[in-house]
Structure formats: C-alpha cells, structure tokens
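S.K.: coords please:
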Amino acid sequence: MEAMARLLSQGRSELAKAVVGQQEFVDQTLMAVLCGGHALVEGVPGIAKTLVVKLLARLLQIQFQRVQATSDLMPADILGSNVLNLATSTFSLHRGPIFTDLLLVDEINRMPPRTQAALLEAMEERQITIDGVRYPLTEWFTVFATQNPVEFEGTYPLPEAQLDRFLLKIKVAYPEAAQEAQILENHHHGFDARNLDALQLVPIETELLRQARRELQQVKVEGALFRYITEVVRRTRDWPALALGASPRAAISLLLAAKAVAAIDARDYLIPDDIKAAALPVLRHRMILKPEAELEGMDTDRVITEVLAAVDVPK
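M.R.: From the prediction side, this is the model:
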C-alpha cells in the first residue's frame, strides 16, 4: 500500500491548506477518485463542496470543467454538437464540457430529466454518442455532482437509474465551532478561495494515482466477506421500511468502496468493519423508503444501520 499511503498523506495535507476540518468529506472524495467512481455531494451552500473538488483537480493535475445546472440546460450544452463549417461545407464536433477528466455538475437536480439522461452513458461506459458516433472519455473521467438538500422549488428529482451510477453519496455537514473560527481567522489573514494559485499546492503525480488504483485491486477478500456483502444488499430488498432495495451494482460498489476503506487504513486485506464503514455512503442513495416510513421520520441511513445490525457478521 505504499503508493496509496503516499497519495492519501499528500492529498490530505495539501487540501488542508484551504479546507478546515471536513476530514470525512475529504477522505470520501479521495476514495471516489481512487475507485474510479462518481460521487453525489449533498450539503447546504457555503460549506466548501465546490472548493474541495476544484482543489482535487488541481492537486491531481487533471483537466477540470464545471457545469452550473439550470432548468433550461440542454444535452448539447454538456455533450457538445456537430457544427457546420460554412467555408468547407463540413461538420466538425464542438466539444462540450463533458470532454474532461473531472466534471463538476453544480446543483444537478436543477437539470431537466432529458439533460440528466445525457450523463448516463458517460457515467457508466465512459463514452458518449453524438449523432451516432461514439467518443471515448479519459480513464480519469469522474463526475462530482452537488445538490442542496433543503431547496426543492424548480428542481427535478434524480431518477433511480442515475442515482445508481453514483458510487458514493457524500453528506457534508457544517464545520464544528472551532473549525469555523479557524476559517474566519484564515480569511482575516488573507486566504481567498478565488486565488487558489496562492496556496502553492504540491501536485500529485498522475502515475502515483495509477499505482494506487492498482494497489486497490490487490486488496485480499475472503469468500465469507463476498457472502456478507451479498446478504446485506439482499436484505434491503425485502426490508419492511423500503419500497426499493439495493441493486447488484450496489453490491459491486460496496465491495469496491470497502476495499478503498481498507487501503485508506493501510491494510491489504478486507475486514467486516470496512464493509460497515462503506455501507452508508454507498447505499443511502440507492433505496426508496415507503411513504409510511417517511411519515414516521425514518431515513435511509437509519435503515442501513438496522440492516447491518440484523445480518450476522462472519468470524
């Protein structure tokens, strides 16, 4: 786990130059990139969601594009389109912001369903199709999408097919009192989130990220843990409070994220606690509560905790 340890140590220390606290958010952001998965980031405005993603792209020296979602955003605004060149009477592709390594979609639930659907092929197959022609995306292609959990006017709920393509749903909370005071002190002494060049970030070599991904694939998993993951996911499908449980893709994502938890903990083998630690961010957005459960104040995090408690842990 040498490359993994170096990447995590440098990633945490460099991001800490701008982000105070939010350690769980930072770690789960790094986890998404290590796993090659996409992340849905939920939190109120002003808690550094966009800042962390922008810093991550700078740190990894990969291409970065940002899309501000609005109700009138069209698929071509993200994918691009073929444009007629009048001088040559030929069409050429005008590439949209999706042709990048790291794509940040701010307030994704403000996009209409047709535009949301434009991301499905890219997120699953890392390619897009324009006028019948397929265009491959880079090996680093990752989508980070943000949404506001308290503002619903003028929004469109994300369909289950799209939610299931996000490896993680990261919930970002307010910083603690001491951390918020430190944020104020940093701004008083000249920190400016609009001038990231002043941070003088020490970049992470792309080859180090590639090596860390290879190390992640080598994490050892005992057969009993495959069965444990399967049992956890299958239990959600007949859980009384749920109208929709987790899919087989969710089980694959849970295995991948649990291996990342193990690697972050500097281990090359999986234990049940890794699966438990990965369960909330991996499963919370893939399930639908029954209306009566919502009325009783239940949420998916609570249901996942109950499911984990009900499944026997392998010895």
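
S.K.: pLDDT score for Phe152?
M.R.: Note on Phe152: pLDDT of 69.

S.K.: repeat for Ala117
M.R.: 87.

S.K.: neighbours around it, how many?
M.R.: By the criterion of other Cβ atoms under 10 Å, Ala117 has 14 neighbours. Where C-beta positions appear, they are placed from N, C-alpha and C, glycine not excepted.

S.K.: how about the strands of the stretch 51-200 of the chain, start to end?
M.R.: With DSSP state E, counting those that start in this stretch as the criterion, the stretch 51-200 of the chain has strands at 64-68, 80-85, 90-95, 102-106, 127-130, 133-136, 142-147, 168-171.

S.K.: Can you give the domain ranges for this protein?
M.R.: 2-211, 219-310 (automatic domain parsing).

S.K.: can you point me to the longest helix in the chain?
M.R.: Counting by DSSP state H, the longest helix found in the chain is helix 248-264.

S.K.: And the next helix or strand after that helix, what does it pack against?
M.R.: Counting by DSSP states H and E, the next helix or strand C-terminal to helix 248-264 is helix 272-283. Packed against helix 272-283, as judged by 3 or more Cβ pairs under 8 Å, 6 or more residues apart in numbering; DSSP states H and E, are the following elements: strand 168-171, helix 223-237, helix 248-264, helix 300-310.

S.K.: could I get these as a markdown table with mean neighbour count?
M.R.: Conversion of these to a markdown table gives the following (neighbours: other Cβ atoms under 10 Å):
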| stretch | mean neighbour count |
| --- | --- |
| strand 168-171 | 23 |
| helix 223-237 | 17 |
| helix 248-264 | 22 |
| helix 300-310 | 16 |
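
S.K.: export the ones you listed to JSON lines and tack on mean pLDDT?
M.R.: Listed next are these as JSON lines, based on pLDDT from 0 to 100:
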{"stretch": "strand 168-171", "mean pLDDT": "94"}
{"stretch": "helix 223-237", "mean pLDDT": "95"}
{"stretch": "helix 248-264", "mean pLDDT": "93"}
{"stretch": "helix 300-310", "mean pLDDT": "95"}
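
S.K.: could you redo these as a markdown table and give each row distance to Arg66?
M.R.: Listed next are the helices and strands packed on helix 272-283 as a markdown table, based on distance: least, Cβ to Cβ, whole Å:
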| stretch | distance to Arg66 |
| --- | --- |
| strand 168-171 | 18 |
| helix 223-237 | 34 |
| helix 248-264 | 25 |
| helix 300-310 | 28 |
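
S.K.: Determine which of the strands of the stretch 51-200 of the chain approaches Leu196 most closely.
M.R.: Among the strands of the stretch 51-200 of the chain, the nearest to Leu196 by Cβ to Cβ is strand 64-68 (11.1 Å).

S.K.: Other residues contacting the closest one?
M.R.: Contacts with strand 64-68, where a contact means Cβ atoms under 8 Å, 6 or more residues apart in numbering, come from 50, 54, 57-58, 73, 77-78, 97-107.

S.K.: Neighbours of Lys17, how many?
M.R.: By the measure other Cβ under 10 Å, the count of residues near Lys17 is 17.

S.K.: Specify the local secondary structure of it.
M.R.: coil (DSSP: H, G, I helix; E, B strand; the rest coil).

S.K.: Now it: closest residue in space that isn't a chain neighbour?
M.R.: Leu199 (4.9 Å; Cβ to Cβ, 6 or more residues apart in numbering).

S.K.: Look at Val41 and tell me its secondary structure.
M.R.: Secondary structure assignment for Val41 (three-state DSSP): strand.

S.K.: hang on, it packs against Leu167?
M.R.: No. Between Val41 and Leu167 there is no contact under Cβ atoms under 8 Å: 12.0 Å.

S.K.: Low-confidence regions, the stretch 151-300 of the chain specifically.
M.R.: 152 (pLDDT under 70).

S.K.: if I pick Leu8, what's in contact with it?
M.R.: 27, 30, 264.

S.K.: so how far is Arg302 from the spatially most central residue of the chain?
M.R.: Geometric centre of the chain, nearest residue: Ala39, 1.2 Å, by Cα atoms, centre = their mean. In this structure, Ala39 and Arg302 are 22 Å apart, going by Cβ to Cβ, to the nearest Å.

S.K.: Neighbours of the nearest residue to Gln179 once chain neighbours are set aside, how many?
M.R.: With sequence-adjacent residues excluded and distances taken as Cβ to Cβ, 6+ apart, Gln179 is closest to Gly21, at 3.7 Å. Neighbour count for Gly21, taken as other Cβ under 10 Å: 19.
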